[in-house]
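*Asks:* fold the following and give me the result.
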Amino acid sequence: MALPFESCDPEDLALLPPGLSAAQREAVLADDRLLCVMAGAGAGKTRVLTLRVARRILDATALADRVLVCTFSRKAADEIGSRLFGLEVEPVRSGTFHRLALSLIRQHESDRGTASVALATDRRRLVAEVLEDAATAGPRRGRELSVALVESEIGWAKARLVAPEDYESEAKAHQRRVQGGAIASLYRAYEAAKARRGLVDLDDLLLRCADILEADRPFADAFRWRYRHLFVDEMQDVNPAQFRLLRLLCSDDGDLFTVGDSHQAVYGWNGADPSLLAELPALMEGTRVLRLDDNHRSTPQIVRTATAVLEASDGAPRSLRPDGPVPQVRAHDDEDAEAAWVAGQVWLAHRPGRRWEHIAVLARTNAQLRRVGAALDSQRIPWHHAGHDLGPASDIDREESATGGPLRSDRSPTPTVRSDAVVLSTFHRAKGLQWPAVIVIGLSDAFVPLPTARTPAALSEERRLLYVALSRAEDELWCSWAREVGEDERRIETAPSPWLADIEGTIRVLETENRPAPPEVAAHHVAQLRALVTASDEQPRGRLRERPTREHRRRP
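*Replies:* So this is what the prediction gives:
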């Protein structure tokens with residue numbers, strides 16, 4: 001039975017910080033055992049998840065040491081921990097699915113005295129060896145396949161619970177345009193090579209942990225008794241292997257709280273299944289769905305521009321921010337001209353009161369950012385790349401394994417991060433972040449969508465990825481594209497992205513509406529701000545007081 005916030009105990013409401021919307025309060029205070037929050041970009045889903053954890057601990061409906069929060073990156077887990085610390089709440093256990101699986105496997109080994117698993121520290125090298133063996137010992141079929149492609153397909157198959165013997169048919173069913181027979185053969189060879197060496201890879205952790213929970217009922221029951229309160233962030237990025245583990249972690253009398261956004265499902269290429277979020281009420285009977293559509297991050301102009309690229313929407317999100325400038329689109333002769341324009345735009349955006357780190361340049365691929373970096377260097381503008389965490393693709397966040405060694409030796413070295421510098425990022429790496437000023441570049445048909453995205457599912461995901469990029473902006477947004485891309489003789493002519501027309505059409509409408517606000521509207525905005533400041537100053541003791549942190553500011 002849900003507990004609408006209007007009928008909540010006044011003492012519960014007094015715990016909450018000011019400024020929460022009605023839907024946010026209900027998400028924090030509802031007493032549903034199974035609750036799924038559908039939260040759009042900028043709706044404050046991480047804030048709601050953290051406040052719900054805090055509320056459950058403070059009102060004694062959950063003990064801190066019996067709470068488990070599953071995230072898709074160590075950074076997200078650290079952010080949740082930082083927010084809980086800011087709320088003066090006891091720490092809880094949080095981490096990625098893969099880290100949790102490894103921990104449970106180690107615990108089971110210790111309890112049962114079984115041999116310790118050996119993690120494959122360099123899966124790419126093992127895949128390369130399998131490819132080399134196949135090329136020298138067998139027919140030519142599959143020789144042209146790259147190590148990265150084979151590794152990616154094996155990861156996709158394991159995430160989707162697809163065995164080597166089923167890969168070819170499943171790849172065909174999902175319209176994955178690869179050599180199904182060749183990949184299946186290499187997949188089998190990879191599994192055999194791994195078995196001969198007594199190794200498990202990162203994807204095996206989820207499978208092995210689920211197998212243990214299914215086979216060892218006392219061990220599974222002990223874990224479910226210990227962790228009765230489960231919270232899952234970014235539910236739209238869960239893959240079937242992770243969902244299988246999640247189902248096994250849930251006790252019959254425990255509770256599960258999930259947050260996600262189907263419009264930000266951008267990891268299907270890696271095995272994620274966004275339908276698990278949409279079908280959660282059917283998959284877990286009794287799950288109630290609550291929607292958070294209000295956008296607290298971006299101006300109305302940015303929200304409307306970003307949502308214009310989506311195929312469909314269950315009700316248009318509403319921005320709670322005051323009006324801001326209308327986003328702009330620029331076309332350039334080539335990528336050098338585009339990069340030079342970006343450097344100039346960054347200078348203009350770096351006005352008094354705005355730091356370099358408040359400005360981001362986003363592109364579909366890393367290669368597109370190289371020219372931008374050179375252009376910024378020429379203008380002596382400090383910059384750095386966004387973090388190398390790619391969400392689900394990075395698995396255990398490329399952390400150190402239990403033995404102290406790197407889980408993958410092919411990882412890129414972490415660049416030196418300057419304290420105040422413009423951020424250059426791919427669309428994927430920008431997910432979960434936000435900046436006051438954002439420049440989205442490369443919106444031509446050469447990159448958005450990528451030429452390799454040919455199936456309807458892949459094209460839909462590319463649309464959502466563009467939405468993710470556009471919705472990172474808080475106050476100002478610029479978009480650009482180049483009519484020619486490439487180097488020298490490889491230079492090719494391009495056309496605008498097929499979705500740029502939707503952006504430009506919305507901008508034309510916004511420009512006709514972009515008139516100065518009437519005095520009474522401006523006065524209302526000022527009154528709202530004064531009321532918010534007053535409420536914060538008069539906040540009673542005992543309320544959840546959120547301490548501002550950099551991570552908190554970037555992800556509401």
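*Asks:* buried residues, stretch 104-115. List them.
*Replies:* 104-105, 108 (16 or more other Cβ atoms under 10 Å). Quick note: C-beta positions are derived from backbone N, CA and C, even for glycine.
*Asks:* swap in stretch 359-367?
*Replies:* Buried residues in stretch 359-367 (16+ other Cβ under 10 Å): 359-364.
*Asks:* one more: stretch 196-206?
*Replies:* Those would be 199-206, for stretch 196-206 by 16+ other Cβ under 10 Å.
*Asks:* please apply the same query to stretch 82-101.
*Replies:* 82-84, 86-87, 89, 92-101.
*Asks:* stretch 234-253 too?
*Replies:* 234-246, 248-251.
*Asks:* among those, which are in helices?
*Replies:* Here DSSP state H is the test, and the buried residues of stretch 234-253 give 240-246, 248-249 as lying in helices.
*Asks:* dump these into TSV; add distance to residue 56 as well.
*Replies:* Listed next are these as TSV, based on distance: Cβ to Cβ, whole Å:
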residue	distance to residue 56
240	29
241	28
242	23
243	23
244	26
245	23
246	19
248	22
249	17
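*Asks:* so which of those comes closest to residue 64?
*Replies:* Nearest to residue 64, judged by Cβ to Cβ, of those is residue 249 at 17.8 Å.
*Asks:* could you find the closest non-adjacent residue to residue 92?
*Replies:* Leaving aside its chain neighbours, residue 92 sits nearest to residue 67 (4.1 Å; criterion: Cβ to Cβ, 6 or more residues apart in numbering).
*Asks:* ugh, wrong one, I meant residue 274
*Replies:* residue 265 (3.5 Å).
*Asks:* for the one you found, give me its contacts.
*Replies:* 236-237, 272, 274, 277, 461, 464 (Cβ atoms under 8 Å, 6 or more residues apart in numbering).
*Asks:* again with residue 199
*Replies:* Applying Cβ under 8 Å, 6+ apart, the residues contacting residue 199 are 118-120, 126.
*Asks:* repeat for residue 356
*Replies:* Counting by Cβ under 8 Å, 6+ apart, residue 356 has contacts 346, 350, 381-383, 420-422.
*Asks:* what sits against the nearest residue to residue 55 once chain neighbours are set aside?
*Replies:* Setting aside the residues directly before and after it, residue 55 is nearest to residue 28 in space (Cβ to Cβ, 6+ apart), at 5.5 Å. Contact analysis of residue 28 by Cβ under 8 Å, 6+ apart lists 16, 20, 48, 51-52, 55.
*Asks:* inside strands: which ones of those residues?
*Replies:* Among the contacts of residue 28, no member falls in strands (criterion: DSSP state E).
*Asks:* what's the closest of those residues to residue 482?
*Replies:* So of the contacts of residue 28, ranked by how close each gets to residue 482 (Cβ to Cβ), first place is residue 48, at 39.9 Å.
*Asks:* picking that back up, the residue nearest to residue 55: what secondary structure?
*Replies:* When classified by DSSP: H, G, I helix; E, B strand; the rest coil, residue 28 comes out as helix.
*Asks:* next, the buried residues of the helix or strand where residue 368 lies.
*Replies:* Element membership for residue 368 (DSSP states H and E) is helix 367-378. Residues 368-369, 371-373, 375-376 are the ones in helix 367-378 that count as buried (16+ other Cβ under 10 Å).
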